[in-house]
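1. pasted the sequence and its predicted model underneath.
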Amino acid sequence: MRASKGRKRVGLVVGVLVVLTGFGYLLTGGISSNLVYFFTPGELLAKGAEVVDDPVRLGGLVSPGSVQWNAQALDLRFRVTDETGRELEVHARNAPPQMFREGIGVIVEGRMTAAGVFEATSLMVKHSNEYRAPEEGHDPEKLYRTLVREPGN
C-alpha cells in the first residue's frame with residue numbers, strides 16, 4: 001500500500017511540474033512574440049535596422065502639409081513628427097478615420113521597412129473624450145464635409 005501512495009505523489013508532482021512548465025512557457029515565450037512596442041519617430045529612427053520588420057506602434061503628430069490621400073487607390077501617405085522634430089514617413093493602404101487631419105496626434109501600428117518607410121496596418125487618432133453636439137443652426141452634413149477632403153483637393 002505504501003508503494004502506491006509514493007507513486008501517486010510522484011505522479012502528482014510530475015503533473016504539477018508539467019502544468020507549471022506549460023504555464024511558464026505561455027507567460028514568457030507565448031506573450032513575448034505578441035508584444036507590440038510604442039515608439040516616437042526619434043526613438044524608432046535611433047533603433048535603425050534593429051526594428052525592421054518588427055511589429056511596433058509609432059506615435060506622434062501628423063506633420064502639417066504632409067498628408068497625401070488617394071481615395072480611389074486607398075493610398076494614404078503622411079509624416080509623423082515628435083517633440084524633437086524628427087519625422088518618419090508613413091504609408092497606409094486603408095481609409096483614414098474621419099477625425100484624421102494634419103496636426104492631430106496619431107498612433108499607427110505596423111512595421112518599419114528597410115527603405116525607412118513605416119508601413120501601417122492600423123491607424124488611430126488621439127482626440128478629446130469630450131463630445132460636443134453641433135450648435136443650433138449648423139448643418140451636420142456641412143460640418144462633415146469640412147473633415148473629408150474631396151479627391152484632387
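-> Cool, the structure landed.
2. per-residue pLDDT, Gly152?
-> With respect to pLDDT, Gly152 scores 48.
3. does Val106 really touch Lys126, like I thought?
-> Yes. If you go by CB atoms under 8 Å, Val106 and Lys126 touch, sitting 6.7 Å apart. C-beta here means a position set from N, CA and C on the backbone, and glycine is covered the same way.
4. okay, the two: which has more neighbours?
-> Neighbour totals were compared for Val106 and Lys126, and Val106 leads with 22 against 12 (other CB atoms under 10 Å).
5. who does that one bridge with?
-> Beta-bridge partners recorded for Val106 (DSSP bridges): Gly60, Val125.
6. so who does it touch?
-> 59-62, 80, 100, 123-126 (CB atoms under 8 Å, 6 or more residues apart in numbering).
7. filter those residues down to just the buried residues.
-> The neighbour count (16 or more other CB atoms under 10 Å) marks 59-62, 80, 100, 123, 125 as buried among the contacts of Val106.
8. in PDB, list the C-alpha atoms belonging to the helix ranked longest in the chain.
-> Ranked by residue count and defined by DSSP state H, the top helix of the chain is helix 2-25. The C-alpha trace of helix 2-25 is given here as PDB (Å, rounded to 0.1, in the frame of the first residue of the first chain):
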ATOM      1  CA  ARG A   2       2.800   2.400   0.800                       C
ATOM      2  CA  ALA A   3       4.300   2.000  -2.700                       C
ATOM      3  CA  SER A   4       1.000   3.100  -4.400                       C
ATOM      4  CA  LYS A   5       1.000   6.300  -2.200                       C
ATOM      5  CA  GLY A   6       4.500   7.000  -3.300                       C
ATOM      6  CA  ARG A   7       3.600   6.500  -6.900                       C
ATOM      7  CA  LYS A   8       0.600   8.800  -6.500                       C
ATOM      8  CA  ARG A   9       2.800  11.500  -5.000                       C
ATOM      9  CA  VAL A  10       5.400  11.200  -7.800                       C
ATOM     10  CA  GLY A  11       2.600  11.400 -10.400                       C
ATOM     11  CA  LEU A  12       1.100  14.400  -8.700                       C
ATOM     12  CA  VAL A  13       4.500  16.200  -8.600                       C
ATOM     13  CA  VAL A  14       5.200  15.400 -12.200                       C
ATOM     14  CA  GLY A  15       1.700  16.600 -13.200                       C
ATOM     15  CA  VAL A  16       2.100  19.900 -11.300                       C
ATOM     16  CA  LEU A  17       5.600  20.400 -12.900                       C
ATOM     17  CA  VAL A  18       4.200  19.800 -16.400                       C
ATOM     18  CA  VAL A  19       1.400  22.300 -15.800                       C
ATOM     19  CA  LEU A  20       3.800  24.900 -14.300                       C
ATOM     20  CA  THR A  21       6.200  24.400 -17.200                       C
ATOM     21  CA  GLY A  22       3.400  24.900 -19.700                       C
ATOM     22  CA  PHE A  23       2.200  28.000 -17.900                       C
ATOM     23  CA  GLY A  24       5.700  29.400 -17.700                       C
ATOM     24  CA  TYR A  25       6.200  28.900 -21.400                       C
END
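9. right, I'll leave it there.
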